[in-house]
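Visitor: pasting a predicted model and its sequence here:
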Amino acid sequence: MTAARTTGRQRGGVEERGDTLRVSVYAGLDPVTGKRVYLRETIKGTDKAAHKRAESVLNRLLTQVDQQRSAQSTVSLGYAIDQWMRANEIEATTRNTYLGYIERTIKPALGSEPINKLGARILEKFYAELRRCRTRCDGKPFIERHKGLGQHDCVELKCKAHVCNGLAAATVRQIHTIISGTMSAAERWEWIDSNPARNARQPKKKPPEPDPPSSREAARLAEEAFRMDDNWGTLVWLVMTTGIRRGEACALRFSDIEGLDADPDTDAGDIEGVLEVRRNFVHVAGVSKEKATKTHQMRRIALDSDTMTLLREQRDRVRDRLKAIGKEFSPSRFVFSGTRNNEDHSAPYSPNAVTQRYKDMATRLGIDTHIHALRHYSATELLTAGVDLRTVAGRLGHGGGGATTLKVYAAWVAASDRKAAEILASRMPKRQRKTTPS
């Protein structure tokens, strides 16, 4: 026998199930799956007292749903994200990345949902769906290109069946950062009482796995770079020996190099060269511009004599190039420039062009690597040679006194620590082993 009481438009009821009562209240549609959501509780027993307890639970669940629907603010997540992006001060490259995730992924799924209805459970389900399939399909076979095309020739358009391809954990974590930042702002603005994203679980962060080229591969890369072009070879050499980022190398001006005007033939003693890393050059959405370094701090990197010689030769080449076109050299000229369309070095080398040229060069040599791996090469070579962690962190521009460096290069730090232990032990006096009488 089943007894049920409903309220309003079938919003809730009590149902007998064996020797228990089940209370169910309709709470709306799940924004991730589109399925109907119910709040349910089970009451033991079917007697009069049990029915009275069930009525109390039913009223409580109905009140809970009503409170969610009539909270102090009903702004949508999409609106809240737009307001957060306007108020938030973030770098142009980061902003461009965030906008892509917002328009492609977040707004289509949750943009119209009121922020007061988004809880940790919904967010975790959303992240899980994205990890399974970036389009959040229902698991049924379909042809992606058919959507919105109407009548067409599948053979001509080469239509293919959809294959689920989930987003990377790092991408979902960035999406979580956007949602969490928006929710935190909404909490500050008193649109919601608390930030549910604070308790939502996100995919685990994958440990850093730097993959620097070997010493032999690095030598081949440097030799090939100089064979191609002395300007290009100098750029690759500088990144390899200093660990600076590609955008920092592109933004480098001759005025940023101390000791460049010293004459090695007449000045007594070794000439100390220092590279001042002050700026970064980025290319975002078709616009190129200089900005502060990634950590917003200037750093000084000591340069060896061979590197200083190469940089002097680079300065002389630029000076001769400018003289040939009737222009004067000045320290404000960029050290590296795409000379095909910029012979006067008034604009820097494009970071994207540097990345592509380096990748093409490595591919020709049969080496699977990229320009950023030279930064890893510089760090790992120094750590393996026994250079202390703080010095390496300073050259790379890592903050936190070496915490970031340790996290990324833990394996090489451990190897350096083992080497230090062996060096110290080798300098200790040798002890005579005691022999036990037989």
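Guide: Here it is on my side, so go on. Residues are numbered from 1 along each chain as shown.
Visitor: domain-wise, how is this protein divided?
Guide: 12-69, 77-198, 215-423 (automatic domain parsing).
Visitor: strands along this protein, start to end?
Guide: 12-17, 20-29, 36-44, 257-258, 273-277, 279-284, 287-292, 299-303 (DSSP state E).
Visitor: check which helices and strands the second one sits against.
Guide: Applying 3 or more C-beta pairs under 8 Å, 6 or more residues apart in numbering; DSSP states H and E, one finds that strand 20-29 contacts strand 12-17, strand 36-44, helix 48-69. In this view, the C-beta of every residue, glycine as well, is placed from N, C-alpha and C.
Visitor: same question for the shortest one.
Guide: Strand 257-258 makes packing contacts with strand 273-277 when contacts are defined by 3+ C-beta pairs under 8 Å, 6+ apart.
Visitor: how about a cut-off of 6 Å?
Guide: Under the contact definition 3 or more C-beta pairs under 6 Å, 6 or more residues apart in numbering; DSSP states H and E, strand 257-258 sits against no other helix or strand.
Visitor: what's the closest non-adjacent residue to R132?
Guide: Nearest in space to R132, with sequence neighbours left out and distances taken as C-beta to C-beta, 6 or more residues apart in numbering, is G166 at 5.2 Å.
Visitor: tell me, how many neighbours does that neighbour end up with?
Guide: 16 (other C-beta atoms under 10 Å).
Visitor: I'd say it and E129 touch.
Guide: No. Using C-beta atoms under 6 Å, G166 is not in contact with E129, being 8.7 Å away.
Visitor: coming back round to it: a markdown table for the domains of the chain, including distance to E209 and mean pLDDT?
Guide: Formatted as a markdown table, the domains of the chain follow (distance: least, C-beta to C-beta, whole Å; pLDDT from 0 to 100):
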| stretch | distance to E209 | mean pLDDT |
| --- | --- | --- |
| domain 12-69 | 31 | 84 |
| domain 77-198 | 12 | 85 |
| domain 215-423 | 9 | 85 |
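Visitor: now render these as JSON lines, adding distance to P429.
Guide: Converted to JSON lines, these look like this (distance: least, C-beta to C-beta, whole Å):
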{"stretch": "domain 12-69", "distance to P429": "69"}
{"stretch": "domain 77-198", "distance to P429": "51"}
{"stretch": "domain 215-423", "distance to P429": "15"}
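Visitor: I'd like to know which of those is closest to K206.
Guide: Closest of the domains of the chain to K206 is domain 77-198, at 6.0 Å (criterion: C-beta to C-beta).
Visitor: distance from that closest one to the middle of the chain?
Guide: 16 Å (C-alpha atoms, centre = their mean, to the nearest Å).
Visitor: likewise for stretch 344-364?
Guide: 22 Å.
Visitor: what does that stretch contact?
Guide: With contacts defined as C-beta atoms under 6 Å, 6 or more residues apart in numbering, stretch 344-364 is touched by 224, 246-247, 250-251, 281, 283, 318, 327, 333-334, 336-338, 369, 371.
Visitor: go ahead and confirm E290 touches F281.
Guide: Yes. If you go by C-beta under 6 Å, E290 and F281 touch, sitting 5.5 Å apart.
Visitor: overlap in contacts, those two.
Guide: Common neighbours of E290 and F281 (C-beta under 6 Å, 6+ apart) are A251.
Visitor: more crowded one of the two?
Guide: F281 (23 against 13).
Visitor: that one touches R253, doesn't it?
Guide: No. Checked against C-beta under 6 Å, the pair F281 and R253 is beyond contact range at 10.7 Å.
Visitor: coming back round to it: write a ChimeraX command that selects only the buried members of the contacts of stretch 344-364.
Guide: Buried members of the contacts of stretch 344-364, defined by 16 or more other C-beta atoms under 10 Å, are picked up in ChimeraX with:
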select :224,246,247,250,251,281,283,318,333,334,336,337,338,369,371
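Visitor: how many residues are close by A292?
Guide: That count, for A292 with other C-beta under 10 Å as the rule, works out to 12.
Visitor: so how far is Q64 from it?
Guide: 49 Å (C-beta to C-beta, to the nearest Å).
Visitor: how about K419?
Guide: In this view, K419 and Q64 are 62 Å apart by C-beta to C-beta.
Visitor: with R357 instead?
Guide: Counting by C-beta to C-beta, the gap from R357 to Q64 is 61 Å.
Visitor: again with L221
Guide: Applying C-beta to C-beta to L221 and Q64 gives a distance of 63 Å.
Visitor: kindly report the same for V172.
Guide: Distance from V172 to Q64, by C-beta to C-beta: 29 Å.
Visitor: A120 reaches R198, doesn't it?
Guide: No. Applying C-beta under 6 Å, one finds A120 not in contact with R198, separated by 8.3 Å.
Visitor: overlap of the contact sets of the two?
Guide: Counting by C-beta under 6 Å, 6+ apart, nothing touches both A120 and R198.
Visitor: of those two, who's got more company?
Guide: Set A120 next to R198 and count neighbours by other C-beta under 10 Å: A120 wins out with 14 against 11.
Visitor: who's in contact with that one?
Guide: Applying C-beta under 6 Å, 6+ apart, the residues near A120 are P196, N199, A200.
Visitor: if you set the cut-off to 10 Å instead, what comes out?
Guide: By C-beta atoms under 10 Å, 6 or more residues apart in numbering, the contact set of A120 is N195, P196, A197, R198, N199, A200, R201.
Visitor: how much space between the nearest residue to it once chain neighbours are set aside and S416?
Guide: Spatial nearest neighbour of A120, excluding adjacent residues (C-beta to C-beta, 6+ apart): A200 at 4.2 Å. Separation of A200 from S416 (C-beta to C-beta): 39 Å.
Visitor: just G386 next, same as before
Guide: Distance, G386 to S416, by C-beta to C-beta: 6 Å.
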